[in-house]
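In: Next one to model:
(one chain, ligands or ions: 2)
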Amino acid sequence: MRGLLPLVFSALASAAAIAEPRQAAAPPVTVVSASSLGGNGCPTGKFSYTLSIDKTVGTLIFDVYRGYVGPTAPPDSRELFCDFAVVFRFPLGCTAGTITAIPGGYIQLGDGINGTFSSQYTISPGTLGPNPANLVFTSAQWGGGGGDYTEVQAISVKENIRNENERNVTFTARSRLFLTAPGPDVTGQFGVDHLDISISQPTVC
Ligand SMILES: *[C@@H]1O[C@H](CO)[C@@H](O)[C@H](O)[C@H]1NC(C)=O
Ligand SMILES: *[C@@H]1O[C@H](CO)[C@@H](O)[C@H](O)[C@H]1NC(C)=O
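Out: Ligands and ions are numbered 1, 2, ... in the order given. Predicted coordinates:
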């Protein structure tokens, strides 16, 4: 009899060792809604969103989140702010994954101008990994006639949802974009015109 106990323990231990590295796919995380929390980059009426048919991707649409510099640009258009929130709906239990945010829009930078997008993300409830680094665009990449860009930000997320009432999770962004110019005569513009958001590869944790 006494010999059985270590056997049971070692069987459990090896089962755990097998289970540990395998990450079972979790049910998809959907996007419930998105809203502007204010800022001159997303004032009332200038922010909207759409959802993909399966609701796993939200596309945030910013009508006026675009900075300008140059002789004819209004002085206060060099730097814009937008705070926004996205509500996700998580499955019950522990889910880990990656929040993928893909800002995109039109950019054109005269010689020596840089465009920067900076965002601080938080989530409630739950835990996020480190904030992504600022996105910096230079005239070396985006001079000339300008064009459309997209960039990918990835932030790890972990949620432990204990009951049905906790499934709505609010992801909040404090963001700003700004242009830095070498002088007053160079012209440039940089917009965050849209931002796709979704949770990639959710796994059970
Ligand atoms: C979660 O969000 C949905 C959609 O907005 C809403 O209908 C539901 O009441 C919310 N649930 C809770 C517990 O807040
Ligand atoms: C633009 O960015 C480059 C590279 O980071 C930097 O060397 C340069 O000083 C910046 N220019 C301005 C006007 O901030």
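In: Quick one: name whatever helix or strand follows the helix-or-strand element of the chain with minimal mean pLDDT.
Out: The weakest-scoring helix or strand in the chain, judged by mean pLDDT, DSSP states H and E, is helix 4-19 (a mean of 44). Proceeding N to C from helix 4-19, the next assigned helix or strand is strand 30-38, under DSSP states H and E.
In: Which residue ranges of the protein form helices?
Out: Ranges of helices in the chain, per DSSP state H, are 4-19, 139-142.
In: For ligand 1, what's its nearest residue on this structure.
Out: The minimum distance from the chain to ligand 1, using Cβ to the nearest ligand atom, falls at Asn168 (3.7 Å). To be clear about C-beta, it is placed using only N, CA and C from the backbone, and glycine gets the same treatment.
In: Show me what that residue bridges to in the sheet.
Out: Beta bridges link Asn168 to Arg89 when assigned by DSSP bridges.
In: Tell me which residue is most central in the protein.
Out: For the chain, the residue nearest the mean C-alpha position is Ala101 (3.1 Å; Cα atoms, centre = their mean).
In: Do I have it right that Ala154 meets Asn131?
Out: No - using Cβ atoms under 8 Å, Ala154 is not in contact with Asn131; the gap is 11.0 Å.
In: Can you check which strand is longest in the protein?
Out: Counting residues, the longest strand in the chain under DSSP state E turns out to be strand 93-109.
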